[in-house]
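> this one's structure only:
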């Protein structure tokens, strides 16, 4: 029995059924998969069914796949029966390295060796976690964002012993399943989005600790400010438009010195000619020929749509 | 002649007509104010009229105030005539401290002393900038976000010599003019939103410099991930919901140790009992009695609306 093609996956096993694992269960069910879940916690099944029920109206509103139903969820009494006949395993246990190592080893021991075993870990590298597996080559990280049934992003990255074909298979599977995938070519603690989010979160905690801003001011500063832009254009493209017609080039040359200002507790990188040209080239590639005027019009259109969607325009 | 009440402002002077100054001009015009602009740059008037024209469709779509028209814009030949008879001055010159000091001194010298003079600076404190003013008590910072005609946030903060009543007047004026105002009780370099944004931006630049992520991956990591949440719930409330029914308390106790993980180059603050309880209390205050289930339902509702508004659901 070989591994099925990413588009041929029908049965998915979800190990761990907390906020993230339960969110995955709801997502996979809504996309028409048959899901078998296993969680060793007390009341795991009732908590999981409550979670799926709570997510279902949102998923129905977006649109369910043919045949999608909460009835396609089975809760298994043990790990071995949970992975029996599965096409794909997604592990979402608590963030505890020893637990993850042991659990991935247990999953590995009872799952057919060609089946891809993926972890929702929000920060560990698979190299650290795959050490107790006899078949580490089929283990991979696929990191979602809360709630996994609505936020598109999944970050996919392998560990040292992971087969590059498994990384590719996993990215294709999640794309087929409707996710927005970032495939990383190396392990970085926290991956991409959590590194950015964590820098902001730590600065926010410092500000609260020093009485510089309240919790509410921090949230309003984002939801009434840059948070509205970041739903449609990321931080790089946002600054590409802050420089007027000169784009990111003007922005870096004009605001580059503010990198040295004490605007955050995080030290700035040196703005070398190489970094400058990489950032400018990246923005140009992302713009795909759209002029600054085009991007400004798109941004404004998106901002109005978002403000309206939130009842704020 | 005393200062008019915030709701009685009719004529506004905008000094500087680049991306931010021009955005302010468009915003004030759309809200029915008469605006006089002055900018010493070449072609300032034609660039400004182009900017107002480009913003006008968006502003019309949101809804114009009675009598609002681009015809209510006058471009003055010099600073003295620009401030003649004005009710309020908003300065949006380039970010150069010496220039700001000189320009605010010049504005101060020709403007009736009771008129509030506000600066769009994105990072300087008014204490640094008001030093050449004979009437520093009427100078204040009101920092907008690009584009000022669509992003609601304005951060208002005075300098050492600023009259607290001027800070209050300015916050009331911008609230009356339809903005979401954060009034700060102390000067912090970068204010609130730029500190958070800058921490994220610097982490992103470090990642590009080290080949950990491309410009496009950074933007997608935000627009497909946390950026979608941050348009409706800020980073604090987002994490309040990441802890399941236990809220921020569970989140800090469960993920607190990840503050020590190398998920960003920014060192974490010590999670003291005081900081922990301030953050938890702040989230509870912000929730205003809404349960975790209520907040989850609101978040999902907003996420779906945002995804739909962006044509992504």
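Yes, it's here. In this text the structure is predicted, and so the values were computed from the model without any measurement.
> from memory residue A:14 sits against residue A:28, does it?
Yes. The pair formed by residue A:14 and residue A:28 meets the contact definition of CB atoms under 8 Å, at 7.2 Å. C-beta coordinates here come from the backbone N, C-alpha and C atoms, glycine included.
> more neighbours, these two?
residue A:14 (32 against 27; other CB atoms under 10 Å in any protein chain shown).
> elements contacting the one helix or strand that one maps to?
Using DSSP states H and E, residue A:14 sits in strand A:11-15. The helices and strands touching strand A:11-15, judged by 3 or more CB pairs under 8 Å, 6 or more residues apart in numbering or on different chains; DSSP states H and E, are helix A:19-30, strand A:34-38, helix A:79-83, strand A:88-91.
> what angle separates it from strand A:34-38?
Counting by axes from the mean of the first three to the mean of the last three CA atoms, to 10 degrees, strand A:11-15 lies at 20 degrees to strand A:34-38.
> quick revisit: what is in contact with residue A:14 and residue A:28 at once?
A:35, A:90 (CB atoms under 8 Å, 6 or more residues apart in numbering or on different chains).
> Next one: the residue in the stretch 51-200 of chain A that chain B sits nearest to relative to residue B:280, how far apart?
Residue of the stretch 51-200 of chain A nearest chain B, by CB to the nearest CB: residue A:190 (3.2 Å). Here residue A:190 is placed at a distance of 24 Å from residue B:280 (CB to CB, to the nearest Å).
> Dump the helices and strands packed on strand A:11-15 to CSV, plus mean pLDDT and distance to chain B.
Formatted as CSV, these follow (pLDDT from 0 to 100; distance: least, CB to the nearest CB, whole Å):
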stretch, mean pLDDT, distance to chain B
helix A:19-30, 97, 5
strand A:34-38, 98, 16
helix A:79-83, 98, 22
strand A:88-91, 98, 17
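> among the ones you listed, which is nearest residue B:53?
Nearest to residue B:53 among the helices and strands packed on strand A:11-15 is helix A:19-30 (44.6 Å), distances taken as CB to CB.
> mind checking how far the closest one is from the chain centre?
Its chain's C-alpha centre and that of helix A:19-30 lie 14 Å apart, by CA atoms, centre = their mean, to the nearest Å.
> End to end on stretch A:154-167, go ahead and measure it.
Distance between the boundary residues of stretch A:154-167 (CA to CA, to the nearest Å) amounts to 12 Å.
> Buried ones in it, by neighbour count?
Within stretch A:154-167, the residues scored as buried using 16 or more other CB atoms under 10 Å in any protein chain shown are A:154, A:155, A:156, A:157, A:158, A:159, A:162, A:163, A:166, A:167.
> Repeat that for stretch A:77-93.
For stretch A:77-93, a neighbour-count test (16+ other CB under 10 Å) marks A:79, A:82, A:83, A:86, A:87, A:88, A:89, A:90, A:91, A:92, A:93 as buried.
> Which pair of those residues spans the longest distance?
So, the buried residues of stretch A:77-93 by CB to CB: farthest apart are A:87 and A:93, at 20.3 Å.
> which SS class is residue A:143?
The assignment at residue A:143 comes out as strand when based on DSSP: H, G, I helix; E, B strand; the rest coil.
> Between residue A:190 and residue B:280, which is the more surrounded one?
Per other CB under 10 Å, whichever of residue A:190 and residue B:280 has more neighbours is residue A:190, with 24 against 18.
> For the more buried one, give its distance to residue B:262.
Distance from residue A:190 to residue B:262, by CB to CB: 7 Å.
> What of residue A:262?
Counting by CB to CB, the gap from residue A:262 to residue B:262 is 23 Å.
> Just put the buried residues of stretch A:154-167 in CSV and tack on secondary structure and distance to residue B:255.
Shown next, in CSV, are the buried residues of stretch A:154-167 (DSSP: H, G, I helix; E, B strand; the rest coil; distance: CB to CB, whole Å):
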residue, secondary structure, distance to residue B:255
A:154, strand, 20
A:155, strand, 17
A:156, strand, 22
A:157, strand, 20
A:158, strand, 24
A:159, coil, 22
A:162, coil, 26
A:163, coil, 31
A:166, helix, 28
A:167, helix, 26
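> Dump those into CSV; add pLDDT and distance to chain B as well.
As requested, these are exported to CSV (pLDDT from 0 to 100; distance: CB to the nearest CB, whole Å):
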residue, pLDDT, distance to chain B
A:154, 98, 9
A:155, 98, 7
A:156, 98, 12
A:157, 98, 11
A:158, 98, 15
A:159, 98, 16
A:162, 98, 18
A:163, 98, 22
A:166, 98, 20
A:167, 98, 15
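> from those, which is closest to residue B:299?
Nearest to residue B:299 among the buried residues of stretch A:154-167 is residue A:154, at 19.0 Å by CB to CB.
> how about the closest one, what does it touch?
Residues near residue A:154 by CB under 8 Å, 6+ apart: A:142, A:143, A:144, A:174, A:179, A:180, A:181, A:182.
> filter the residues you listed by proximity to chain B?
A:180, A:182 (CB under 8 Å from any CB of the partner chain).
> Can I get the contacts of residue A:154 in TSV including distance to residue B:202?
Shown next, in TSV, are the contacts of residue A:154 (distance: CB to CB, whole Å):
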residue	distance to residue B:202
A:142	28
A:143	22
A:144	26
A:174	30
A:179	28
A:180	25
A:181	26
A:182	20
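> can I get the contacts of residue A:154 in TSV with neighbour count and pLDDT?
As requested, the contacts of residue A:154 are exported to TSV (neighbours: other CB atoms under 10 Å in any protein chain shown; pLDDT from 0 to 100):
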residue	neighbour count	pLDDT
A:142	25	98
A:143	26	98
A:144	23	97
A:174	24	98
A:179	21	97
A:180	17	97
A:181	20	98
A:182	24	98
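> Please give the number of neighbouring residues around residue A:205.
Neighbours around residue A:205, by other CB under 10 Å: 24.
> Just the pLDDT for the residue lying closest to residue A:264 once chain neighbours are set aside.
Excluding the flanking residues, the one nearest residue A:264 by CB to CB, 6 or more residues apart in numbering or on different chains is residue B:199, at 4.0 Å. At residue B:199, the model reports a pLDDT of 96.
> Same check on residue A:244?
Looking at residue A:244, its pLDDT stands at 79.
> hang on, it packs against residue B:17?
No. Residue A:244 is not in contact with residue B:17 according to CB under 8 Å; the separation is 11.3 Å.
> Next, count neighbours for residue A:215.
Around residue A:215 there are 26 residues (other CB under 10 Å).
> Sticking with the closest residue to it other than its chain neighbours, tell me its helix or strand.
Leaving aside its sequence neighbours, residue A:215 sits nearest to residue B:282 (CB to CB, 6+ apart; 2.4 Å). According to DSSP H and E, residue B:282 maps onto helix B:273-287.
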